[in-house]
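*Asks:* Okay, predicted coordinates and the sequence, questions at the end:
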Amino acid sequence: MSHIQTLLAGPESARALLRYVVRGLNRDVGSKLTSASIFDLENMRSRRIHSDNSEAYPVGNYKQIDRNLFFTTVLENAQPFVTSRIEQIAEVFFDWRKIQALGFESNMNLPAVVDGKVIGTINMLAPAGHFTGEKIAAALAWQPIVTLCFLLTARDETLTASVPEADAVMERA
């Protein structure tokens, strides 16, 4: 806990804590590509504020959100969304071919929840069948720190501010 306190007390605490969370999830859960998203539900879109692979998934781009199982599970019910096969991903994410081309066939979206509302998600990709009960439990252990991270992120305009060149890009099917 003292390391987290040091990060919180230091400069750019939101970015520092986000890096800490991503490293911890990659280590404990085994995510092979991790990103973080915030949501604009009024316009049914999300935007990445972090990506381990900025070439495939650049920060700042908006992504269309559809009303589907992901929406119901994560955004309405504030629960993690987990898949183990590419066919499950294909049912909810239009960019499933890109995910598969990158070598991934399972995912987990871990929500940050405050006052019953999802304020962001950590999005993890891995090979098929990766997110076992043990991996899900490891991710859930990080959920309070993930939520703290998104609360700090909401205060950091450099992370949440609109990026003009990215505003024009809307990823969709």
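*Replies:* In hand now; what should we look at?

*Asks:* Tell me which stretches of this protein form helices.
*Replies:* In chain order, the chain shows helices spanning 2-9, 13-29, 69-70, 86-92, 96-101, 133-155, 157-160, 164-167, with DSSP state H as the criterion.

*Asks:* what would the ones you listed look like in TSV with mean pLDDT, mean neighbour count and distance to Ile122?
*Replies:* Every C-beta, even on glycine, is put in place using the N, C-alpha and C of the backbone. Converted to TSV, the helices of the chain look like this (pLDDT from 0 to 100; neighbours: other Cβ atoms under 10 Å; distance: least, Cβ to Cβ, whole Å):
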stretch	mean pLDDT	mean neighbour count	distance to Ile122
helix 2-9	88	12	16
helix 13-29	94	18	6
helix 69-70	98	16	14
helix 86-92	98	16	16
helix 96-101	98	15	16
helix 133-155	94	17	5
helix 157-160	60	13	14
helix 164-167	46	11	20
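
*Asks:* Quick check: pLDDT value at the residue sitting nearest the centre point of the chain.
*Replies:* Nearest to the mean C-alpha position of the chain, by Cα atoms, centre = their mean, lies Ile122 at 2.5 Å. According to the per-residue confidence, Ile122 scores 98 in pLDDT.

*Asks:* mind listing what it touches?
*Replies:* With contacts defined as Cβ atoms under 8 Å, 6 or more residues apart in numbering, Ile122 is in contact with 21-22, 25, 34-36, 109-110, 112, 142, 146.

*Asks:* Identify, from those, the entry nearest to Gly129.
*Replies:* Asn109 (17.0 Å; Cβ to Cβ).

*Asks:* so that closest one bridges to which residues?
*Replies:* Phe81, Asn123 (DSSP bridges).
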